[in-house]
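Participant: Predicted model and sequence below, questions to follow.
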Amino acid sequence: MEALILEIGTRGLHRYAPIEGETTTIGRALDNDIILSDPAVAAHHLKIIRGEDSLQVVNLAEVNPTQVEQRDLDLLLDQGKPLNLQLGHTRAQLLRRNSKVAQTRPLVGNSSGNRLFGNSIWTALLVTTVLIFGALEFYLNAYTSFNWSDLFKYVLRETVLSLGAFLIALSVLERLLVNRWEVRQLLTSICLVYLLYYLLNIGSDGMVYLVSASWPSTVTLLAWYLGILPGAVTLYLIHISHLKRKQSLLLALMIAGPIALPALLQNGELKALLDDFSTVARYQNSLSVSNWHLSSTISIEDFINNAGKLDQGEFAD
């Protein structure tokens, strides 16, 4: 008889149970060969019968019957493995023992390529750098007066609380997804994303000044919320949390979406993009041909020629 393994999907790491006997029962009752602690699984949910050259999968559940490849199962003869099973809320896969396994993922901090993310010293340096950048931002925005007490209040209120809020929220989410904590790696990633956002804003402000138009800030905003932020979350989930690519991309969009949508909807430049009226001052845009609000102009000679073609009493814009 062929040796088989049942891979049981769980939050974080999967569980594996060998299928060794001629008959193997699966369910919630304690007299089963494989016990599943899922309230949607029947006491005796599934039976696997192995022969010399055959395999039978028999459904025993009346409520929430077993599904194979997303179809209800009563009796299934061997149709080739692996078989994808659904027992209540639990997903499982029936595999051969000689099935190939995925390539081993390196632990963060153990290889030269990602040593930054597992080093406490680097994490402390990045946090310190973020606090310095936050203090610099406050100093540059202090137009009239500056005092140290306001600086410390701003850094503690804006920078520290923002880092702490993101760290707590994303740590809880990671715990729910993969059933483990990666605090240093997560804090390092948050600091790197914060610094990238700060540097992009500096570059965007420089481009606004250079071209005398506001479109660089709008393009930067769209690129950040629609591309860079979801991309950073996706890379973290793939390389540090070790999730699959499609799952990581979907989760990244779900995480970045609630952050991006309010920021985009409240942005004055985006509201003014296709609207003639805007609450955003446009005086800085009047010098640039790259400003989308500027209408096309004609020469004085063309204006006179066009005016001469109008009938008496007729006017045109």
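Facilitator: Received it, and whenever you're ready, just let me know what you need. Numbering: from 1, shown residues only.
Participant: hey, let's count contacts and neighbours off CA atoms from now on
Facilitator: Will do.
Participant: Convert the C-alpha atoms of the helix or strand that contains residue 125 to CSV, please.
Facilitator: Taking DSSP states H and E as the definition, one finds residue 125 inside helix 120-141. Extracted as CSV, the C-alpha positions of helix 120-141 are listed here (Å, rounded to 0.1, in the frame of the first residue of the first chain):
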residue,chain,number,x,y,z
SER,A,120,18.3,45.0,17.2
ILE,A,121,21.1,47.6,16.7
TRP,A,122,19.9,48.4,13.2
THR,A,123,16.3,48.6,14.5
ALA,A,124,17.3,51.1,17.2
LEU,A,125,19.3,53.2,14.7
LEU,A,126,16.3,53.3,12.3
VAL,A,127,13.9,54.3,15.1
THR,A,128,16.4,57.1,16.1
THR,A,129,16.7,58.2,12.5
VAL,A,130,12.9,58.4,12.2
LEU,A,131,12.7,60.5,15.4
ILE,A,132,15.4,62.9,14.0
PHE,A,133,13.5,63.2,10.7
GLY,A,134,10.3,64.0,12.7
ALA,A,135,12.1,66.7,14.7
LEU,A,136,13.5,68.1,11.5
GLU,A,137,10.1,68.3,9.9
PHE,A,138,8.8,70.2,13.0
TYR,A,139,11.8,72.6,12.8
LEU,A,140,11.2,73.3,9.1
ASN,A,141,7.5,74.0,9.7
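Participant: The helix ranked longest in the chain versus helix 120-141: what angle between them?
Facilitator: The longest helix of the chain (DSSP state H) is helix 183-211. Helix 183-211 runs at 30 degrees relative to helix 120-141, counting by axes from the mean of the first three to the mean of the last three C-alpha atoms, to 10 degrees.
Participant: For helix 183-211, name the packing helices and strands.
Facilitator: helix 120-141, helix 161-178, helix 215-223, helix 229-239 (3 or more C-alpha pairs under 8 Å, 6 or more residues apart in numbering; DSSP states H and E).
Participant: winner for burial among these?
Facilitator: helix 229-239 (a mean of 19; mean count of other C-alpha atoms under 10 Å).
Participant: State the mean pLDDT of that one.
Facilitator: Model confidence over helix 229-239, given as mean pLDDT, is 90.
Participant: please renumber so the chain begins at 44
Facilitator: In the new numbering, first residue 44, that becomes helix 272-282.
Participant: Now do stretch 180-196: everything it contacts.
Facilitator: Residues outside stretch 180-196 that contact it (C-alpha atoms under 8 Å, 6 or more residues apart in numbering): 178, 197.
Participant: Let's see the distance spanning it from one end to the other.
Facilitator: Start-to-end span of stretch 180-196 (C-alpha to C-alpha, to the nearest Å) is 13 Å.
Participant: Same question for stretch 130-145.
Facilitator: 24 Å.
Participant: Might you list the low-confidence residue ranges for the protein?
Facilitator: Applying pLDDT under 70 to the chain picks out residues 44, 54-55, 117-124, 149-159, 161, 185-189, 311-341, 356-360.
Participant: For the biggest strand by length in it, which helices and strands make contact with it?
Facilitator: Counting by DSSP state E, the longest strand found in the chain is strand 133-139. Applying 3+ C-alpha pairs under 8 Å, 6+ apart, one finds that strand 133-139 contacts strand 47-51, strand 126-130.
Participant: Would you reformat these as CSV and include mean neighbour count and distance to residue 208?
Facilitator: Shown next, in CSV, are the helices and strands packed on strand 133-139 (neighbours: other C-alpha atoms under 10 Å; distance: least, C-alpha to C-alpha, whole Å):
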stretch, mean neighbour count, distance to residue 208
strand 47-51, 19, 34
strand 126-130, 20, 37
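Participant: Could you dump the ones you listed into CSV and include distance to residue 59?
Facilitator: Below are the helices and strands packed on strand 133-139 laid out as CSV (distance: least, C-alpha to C-alpha, whole Å):
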stretch, distance to residue 59
strand 47-51, 5
strand 126-130, 14
